[in-house]
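Trainee: need coordinates for the following:
(2 chains)
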Amino acid sequence: MTVTDTPDITPEPDDKDRIPAAGGVSRRRLLGAVGAGAAVAGAAVGAGATALGTRGGGSSSDSGGSGASGPATAQTVAFRGGHQAGIATPSQDRLCFATFDVASTATKEDLADLLTTWTAAAEAMAQGRPVPGDNGDLEAPPDDTGEAVGLAPGNLTITIGYGPSLFDGRFGLAGRRPSALKKLPHLPKDNLAAAGSDGDLCVQACADDPQVAFHAVRNLRRLAFGTLVPRWMELGFGRTSSTSPAQATPRNLLGFKDGTRNIDGADEALMGQYVWIGDEEPQRWARGGSYLVSRKIEMRLEAWDRDRLGDQQDVFGRFKSSGAPLTGHAERDTPDFHAKAGGQYVIPADAHIRLAAHENNNGLRILRRGYSYTDGIDPVTGELLGGLFFIAFMKSPDQFVTLQTALGQHDALNEYIQHVGSGVFVTPPGLAAGQDWGGQLFG
Amino acid sequence: MTRPATSRRILACAATAVSAGLLLTACGGDKSGSGSDSGASAKNAGSKTAAVSITVSDKNCAPTPAKVAAGSVKFTVKNDNSAKVTEAELLDGGKMLGEKENLTPGLSGDFTLNLDAGTYHVYCPGADQEKTTFTVTGAAKKTWKDDPQLVSATEQYATWIDGEVKELASTTDTFTAAVKAGKLDDAKKLYGKARIHYERIEPTAEIWGDLDGRVDGRADDAATPADFTGFHRIEQGLWQKNSTAGLDKLADQLDSDVKTLYTQVQTVEYQPAVIANGATDLVNEIQSSKITGEEERYSHIDLLDFDGNLAGANEAVTVLMPTLKQKDAALATEVEQRYEAVAAALKPYKATPGYEDSGYVEYTKVTSDQRRTLSQTVDAYAESVSKIAGKIA
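Mentor: Numbering: from 1, shown residues only, chains lettered A, B, ... in the order given. Here you go, the predicted structure:
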């Protein structure tokens, strides 16, 4: 590599003139002057549009968080609104998820500045533009890493969350901790690795292109040097649940349709009842947000593939081919948990869908938004390492704890899965015009 | 960082020279790498950089075009078929600004310079017509040379480098003497005392591709076992084989190579951007070869090398600091704070006299969690340092 190669994203001279000069101002401060975000973003629109060429046909409205339900040409999801994008938004195909810890040397001010910087960068990227600040200076590293240039925005959403540890004494946030935010208790069959669990902050980037999702996390990480330390990261593919009836129910790596009975993100009544933090939360700043629970669930794929079909179907309680419950014919048929044949439940007592069903959990529901993942090959055994990177959003993490307590004790699937990573984060509500994550968190 | 054999020093050379946009010294000896080098930089350099092609032949090395506007100029040098003429240089009066050498037939390479208006010469020793005029038009721009503060910074840096290389020559001499005298334990303790001076000035040493490879190459850099020479070859003997046997010739060669380096360094003139980018290179070095334990794989004195790279980067940053403070006070503060953070992260591993007298604990005693913490601190510092060249240039 030679540094003299002009990056393709170098703006043409007339675009460059529209970008605020970075001279004498650090990138962080340039971005940090948000309200500013607006100025920078606005100024960079010309450059982005010219330099990047193709962009989506328009933004979908997202004030209710209903996401990219616009015309097929729309490839961007509105960044601002009542709720953060990436929750009710119909699941994109790919995920890049990372968590971070605040560096031991960073101060409250550093963190607030970073969140402000992140807002400007995330908003730009969600609109399909590079991270603001590049002026084509051959002597300086480009401000955007560049690998998403020319790619469609792919409905990129960037959703951030704060872990319980962020609300300890370090940054004066103890008084702003949302009431239900605490580390999950130990759950049955947990075998969690600290290196793949928890974190002070998380970033969930979803897009229809893995490179676009990765690019988002990579650039936020880069902006965070000195303030945050990356903790762990996961790439997801093949969304494993539908958050809109318009989407086909995908299959998980066990080959089954899972998530058929998920909450529809556009169903505002259900979302209000089970997903969005409401007036019950004393921390007003968190209302309209949600709790994100992440679980890395390793699957014993080789063992599963050797299980006979009848048993596989009994484990899930669904037919493998059609996805229909064992008591039905079509995928979306309502399971009949009372039906018996020969004195036995047709859907076995320990079937996954029985234990997870809201009918059997006092109506309890969560919004699942998980993805398949693979970490390659287990260096010790040579078996495939992969499974489900489970993400769910809910009004209170207790919803997950209740469900997983039952599943962890009784689910027939447990023979083939193991929870190896875990995280819980409060995802703040959406940003209003002119607002940024720093101001929102620190009030 | 694992880099392909032989390309390490070449890439380092290209990066040092080209990224700075101004090359004042030889960046030669990259016979095997010129092809890939030119390939990597063959992309359009954009409107800001003028492209000039130079084809060397037995007859001459006339540039096309022979006249460009002031600013960044990229010279692509190609030798189609001349066995007699194998290099081209750009001269400003008697001073060489940039060159591509060892271009045997079929090879090409490039270098990029920031040129002010004036008359220059393209020079290819050995050709029938050795010099051709090359003209740069436009207003003579104000350069860093008009800024006494930056001129003083480059002089300060040059003085520091000269001093370090002088120390390197003398400590290497002591080290190699112990090796040749068969004093194994002494040699092990003296190894680090020489190494640290090299680690402080590494980007400068890398200007001489061959020399850097001979002095500081690793086993995996060498094309053949015989090409594995220098500090790390002797390191392998001392620690892995626990013996000084068979190291005499290698010791002599190292001694002589370092002395050559000392001579060469006297001719280097530094540009502010070169110094700044050199600092980035040094911090990247910490990340790529010290944190990993790659560099001192037999002796495990990596923390001493870490210290050397950090000190070298800090010296480069320090001479530029007065200018940086004027141009971007916030970045200056950030750089200083992050340097302090790295220094603080390294501190717990200091020891007296330390492992092999290195002043630090043996690197194998540093756990992977601790290495990760060090790495993150270094990364943050590197990110800040990488912005300096763009501010002061």
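
Trainee: buried ones in stretch A:378-396?
Mentor: Residues of stretch A:378-396 classed as buried under the neighbour-count rule (16 or more other Cβ atoms under 10 Å in any protein chain shown) are A:384-396. Backbone N, C-alpha and C define where each C-beta goes, glycine included.

Trainee: how far does it stretch from start to finish?
Mentor: From its first residue to its last, stretch A:378-396 covers 35 Å (Cα to Cα, to the nearest Å).

Trainee: where's it relative to the chain centroid, distance-wise?
Mentor: The chain centroid and the centroid of stretch A:378-396 are separated by 14 Å, computed with Cα atoms, centre = their mean, to the nearest Å.

Trainee: same question, stretch A:397-407
Mentor: With Cα atoms, centre = their mean, you get 20 Å for stretch A:397-407.

Trainee: give the buried residues for that stretch.
Mentor: For stretch A:397-407, a neighbour-count test (16+ other Cβ under 10 Å) marks A:397, A:399-401, A:403-404, A:406-407 as buried.

Trainee: now residue B:85, what are its backbone angles?
Mentor: Dihedral angles of residue B:85 (phi, psi; degrees, to the nearest 10) stand at phi -120, psi 120.

Trainee: was I right about it contacting residue B:55?
Mentor: No. With contact defined as Cβ atoms under 8 Å, residue B:85 does not reach residue B:55; the gap is 10.3 Å.

Trainee: need the nearest residue in space to the residue in the stretch 151-300 of chain A positioned nearest to chain B, chain neighbours excluded.
Mentor: When distances are taken as Cβ to the nearest Cβ, the stretch 151-300 of chain A reaches nearest to chain B at residue A:226, 3.6 Å away. Computed as Cβ to Cβ, 6 or more residues apart in numbering or on different chains, the closest residue to residue A:226 that is not its neighbour in sequence is residue B:380, at 3.6 Å.

Trainee: same check, this time on residue B:200
Mentor: Spatial nearest neighbour of residue B:200, excluding adjacent residues (Cβ to Cβ, 6+ apart): residue B:312 at 3.8 Å.

Trainee: mind checking the pLDDT average for the helix or strand containing that neighbour?
Mentor: Assignment of secondary structure by DSSP states H and E places residue B:312 within helix B:302-327. Predicted confidence along helix B:302-327 averages 96 (mean pLDDT).

Trainee: buried stuff in that helix?
Mentor: Applying a neighbour-count criterion of 16+ other Cβ under 10 Å, the buried positions in helix B:302-327 are B:302-321, B:323-324, B:327.

Trainee: which elements pack onto the next helix-or-strand element following that helix?
Mentor: Taking DSSP H and E as the definition, the helix or strand that follows helix B:302-327 towards the C-terminus is helix B:329-346. Using 3 or more Cβ pairs under 8 Å, 6 or more residues apart in numbering or on different chains; DSSP states H and E as the contact definition, the elements that helix B:329-346 packs against are helix A:27-32, helix B:302-327, helix B:368-385, helix B:388-392.

Trainee: tell me which of these lies nearest to residue A:419.
Mentor: Closest of those to residue A:419 is helix B:368-385, at 23.0 Å (criterion: Cβ to Cβ).

Trainee: give me the number of residues near residue A:310?
Mentor: Residue A:310 has 9 neighbouring residues, counting by other Cβ atoms under 10 Å in any protein chain shown.

Trainee: would you map the strands across chain A?
Mentor: Along chain A, the segments classed as strands by DSSP state E run A:59-60, A:76-77, A:94-102, A:157-162, A:201-207, A:228-239, A:290-299, A:340-341, A:344-345, A:367-368, A:371-377, A:384-394, A:417-427.

Trainee: make that the stretch 51-200 of chain B, sorry
Mentor: Counting by DSSP state E, counting those that start in this stretch, the stretch 51-200 of chain B has these strands, from start to end: B:63-64, B:67-69, B:71-79, B:88-92, B:95-100, B:108-115, B:118-123, B:131-137.
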